[in-house]
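Peer 1: Mind folding the following:
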Amino acid sequence: MTVVGRPEETLGHRLPIYGKFQQREGMACGEGHDHVGEDVYSTNQQKATTHIDKVRLAAIELVGQAAIPGTLASLARLNVFEALARAGDGVELTPQELGNQAMPGKVINLSYLGRMLRLASSVKVLREVATMSEDGSTEHRYGLEPIGKFLVDDAEKGSLVHLLLMYQDPVFLSTWNHLPESVLDDSVQPFARAHGGLHAWEYGMQNPEFDEKFNKAMAGHSKLYMRAFLDVYQGFEGVRVLIDVGGGFGSAISTITARYPHIKGINFDQPHVIKACPELPGVEHMSGDMFESIPSGGDAIFLKYILHDWDDESCIKLLKNCHKVLPANGKVIAVDSVLTDTINFEGGDRMAFMVDMNMMAFNHSGARERNEGEMRKLGLYAGFLRVDVVCKVDQLSVTEFIKA
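Peer 2: Numbering: from 1, shown residues only. Take a look at the predicted model:
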């Protein structure tokens, strides 16, 4: 059963249900809002004047922006995006209809749900359609906008919903409070300060539920972006054996081998990750420590979101291990955000800097995004002949490290 909720929650004390409130003489603005009835109606409405300072408005929106991911994560947990996707393209549902489909059998506060839907619509995640009735009331209906479709779980095409839920998990949110301390003393990173000295990888090994949440986030993100990369990057065409180092559940390597069936894929990660991996056609799972050694036999090695997790010394050590097992003319294909020297406000630079902050907050000391020159230095120190950034998709770049 779905219930509308208490009348005072639905109407509120300040909601003008017919028009602007009729104020009694001498009444200050904001008083008397519990006077709901015929005396509220006014046919002599005047259009309110609006004064907007765009800079001030942008500042206050920036300060209050935490409400957006918090609300979107809540809608995801309530199955709202899934329900709208099932309803189909071009379909809009009222909060009551949406509640019935997303949360069948639950008692729902439709006022709360409606307010959340309106915020999601204001950032173009949802589409709001408002219809005025003859009695002057307004009915709101909601559908998925193109951005919102990325928050619908899709095992085949990928999704950003699990990444959203991971970033909004208290494990990650609590980390930001410790960022100022680490600026003043970088001997302990914010995540470790928040979690008893444990780094994110160590925390995941000791907390399987969080580790699963993290791997789901990476898998959904990988499938989504790998499809986009494969439409742009042509460097897999001549590869026979591809080793995905730190490949998680194998979502990236399986997407590559599906597009290029001639490639034999090897998914290489830590033992506790490989233990949970599903069987994948054309992919062999192998476990180990990438800082000790890399499996041999590949003519190319894939590093997706790996180099940004580590400091320069660790990256050079990893790249040397890759260089050691690659044949002549073999290559490492790395996917990370490559920072620009001058900010492009129209491109993906802002997202790249956001990812860089995530690296600072959640990972080991020295974890960060790098610019093209810094990527080139890592490769040259590790023994590679050439390092080239060959293409970019949104905020992410493909960098090739070519062995002589």
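Peer 1: which of the residues in stretch 107-124 are buried?
Peer 2: For stretch 107-124, burial by neighbour count (16 or more other Cβ atoms under 10 Å) applies to Ile108, Asn109, Leu110, Ser111, Leu113, Gly114, Met116, Leu117, Leu119, Ala120, Ser121. In short, each C-beta sits where N, CA and C put it, glycine included.
Peer 1: Next step: the residues you listed restricted to helices.
Peer 2: Among these, DSSP state H puts Leu110, Ser111, Leu113, Gly114, Met116, Leu117, Leu119, Ala120, Ser121 in helices.
Peer 1: correct me, but the first one touches Glu97?
Peer 2: In this case it means Leu110. No. Using Cβ atoms under 8 Å, Leu110 is not in contact with Glu97; the gap is 10.5 Å.
Peer 1: Need the buried residues of stretch 107-124 in JSON lines (columns: distance to Phe268 and pLDDT).
Peer 2: Output for the buried residues of stretch 107-124, formatted as JSON lines (distance: Cβ to Cβ, whole Å; pLDDT from 0 to 100):
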{"residue": "Ile108", "distance to Phe268": "46", "pLDDT": "95"}
{"residue": "Asn109", "distance to Phe268": "48", "pLDDT": "97"}
{"residue": "Leu110", "distance to Phe268": "50", "pLDDT": "96"}
{"residue": "Ser111", "distance to Phe268": "51", "pLDDT": "96"}
{"residue": "Leu113", "distance to Phe268": "45", "pLDDT": "98"}
{"residue": "Gly114", "distance to Phe268": "48", "pLDDT": "97"}
{"residue": "Met116", "distance to Phe268": "42", "pLDDT": "98"}
{"residue": "Leu117", "distance to Phe268": "43", "pLDDT": "98"}
{"residue": "Leu119", "distance to Phe268": "42", "pLDDT": "98"}
{"residue": "Ala120", "distance to Phe268": "39", "pLDDT": "98"}
{"residue": "Ser121", "distance to Phe268": "44", "pLDDT": "98"}
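Peer 1: And stretch 279-293, what's buried?
Peer 2: Leu280, Val283, Glu284, His285, Met290.
Peer 1: cool, and stretch 254-269?
Peer 2: 254-258, 260, 263-269.
Peer 1: what sits against Ile343?
Peer 2: Asp349, Arg350, Phe353 (Cβ atoms under 8 Å, 6 or more residues apart in numbering).
Peer 1: can you do 6 Å?
Peer 2: Neighbouring residues of Ile343 by Cβ atoms under 6 Å, 6 or more residues apart in numbering: Asp349.
Peer 1: Give the next helix or strand downstream of the helix or strand of the chain with the lowest mean pLDDT.
Peer 2: Sorting the helices and strands of the chain by mean pLDDT, DSSP states H and E puts helix 7-11 at the bottom, at a mean of 40. Going down the chain from helix 7-11, the next helix or strand is helix 54-63, by DSSP states H and E.
Peer 1: ok now that following helix, how far from the chain's centre?
Peer 2: Remark: helix 54-63 is offset 23 Å from the chain centroid, using Cα atoms, centre = their mean, to the nearest Å.
Peer 1: Next, the residues that contact the next helix or strand after it from outside, please.
Peer 2: For helix 54-63, the following helix or strand on the C-terminal side (DSSP H and E) is helix 67-77. Helix 67-77 is contacted by residues Met116, Leu119, Val123, Val161, Leu164, Leu165, Gln168 when judged by Cβ under 6 Å, 6+ apart.
Peer 1: Including secondary structure and distance to Ser337, could those go into a markdown table?
Peer 2: Shown next, in a markdown table, are the contacts of helix 67-77 (DSSP: H, G, I helix; E, B strand; the rest coil; distance: Cβ to Cβ, whole Å):
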| residue | secondary structure | distance to Ser337 |
| --- | --- | --- |
| Met116 | helix | 31 |
| Leu119 | helix | 28 |
| Val123 | coil | 23 |
| Val161 | helix | 21 |
| Leu164 | helix | 18 |
| Leu165 | helix | 22 |
| Gln168 | coil | 21 |
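Peer 1: circling back: now the two most distant members of the buried residues of stretch 254-269.
Peer 2: Across the buried residues of stretch 254-269, the longest distance by Cβ to Cβ is 20.9 Å; it joins Tyr260 and Asp269.
Peer 1: if you go through the stretch 251-400 of the chain in chain order, where are the strands?
Peer 2: Assigned by DSSP state E, counting those that start in this stretch, the strands in the stretch 251-400 of the chain fall at 264-269, 283-287, 300-304, 331-336, 338-339, 370-371, 386-393, 396-402.
Peer 1: Same list (these) but as a markdown table, adding mean pLDDT and distance to Lys157.
Peer 2: Shown next, in a markdown table, are the strands of the stretch 251-400 of the chain (pLDDT from 0 to 100; distance: least, Cβ to Cβ, whole Å):
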| stretch | mean pLDDT | distance to Lys157 |
| --- | --- | --- |
| strand 264-269 | 97 | 19 |
| strand 283-287 | 97 | 18 |
| strand 300-304 | 98 | 17 |
| strand 331-336 | 98 | 18 |
| strand 338-339 | 96 | 25 |
| strand 370-371 | 96 | 30 |
| strand 386-393 | 96 | 15 |
| strand 396-402 | 97 | 17 |
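Peer 1: Just put those in a markdown table and tack on distance to Asn215.
Peer 2: Formatted as a markdown table, the strands of the stretch 251-400 of the chain follow (distance: least, Cβ to Cβ, whole Å):
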| stretch | distance to Asn215 |
| --- | --- |
| strand 264-269 | 10 |
| strand 283-287 | 14 |
| strand 300-304 | 13 |
| strand 331-336 | 17 |
| strand 338-339 | 25 |
| strand 370-371 | 25 |
| strand 386-393 | 22 |
| strand 396-402 | 19 |
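Peer 1: nearest residue to Glu212 other than its sequence neighbours?
Peer 2: Spatially, and ignoring its direct neighbours in sequence, Glu212 is nearest to Ala276 (7.7 Å; Cβ to Cβ, 6 or more residues apart in numbering).
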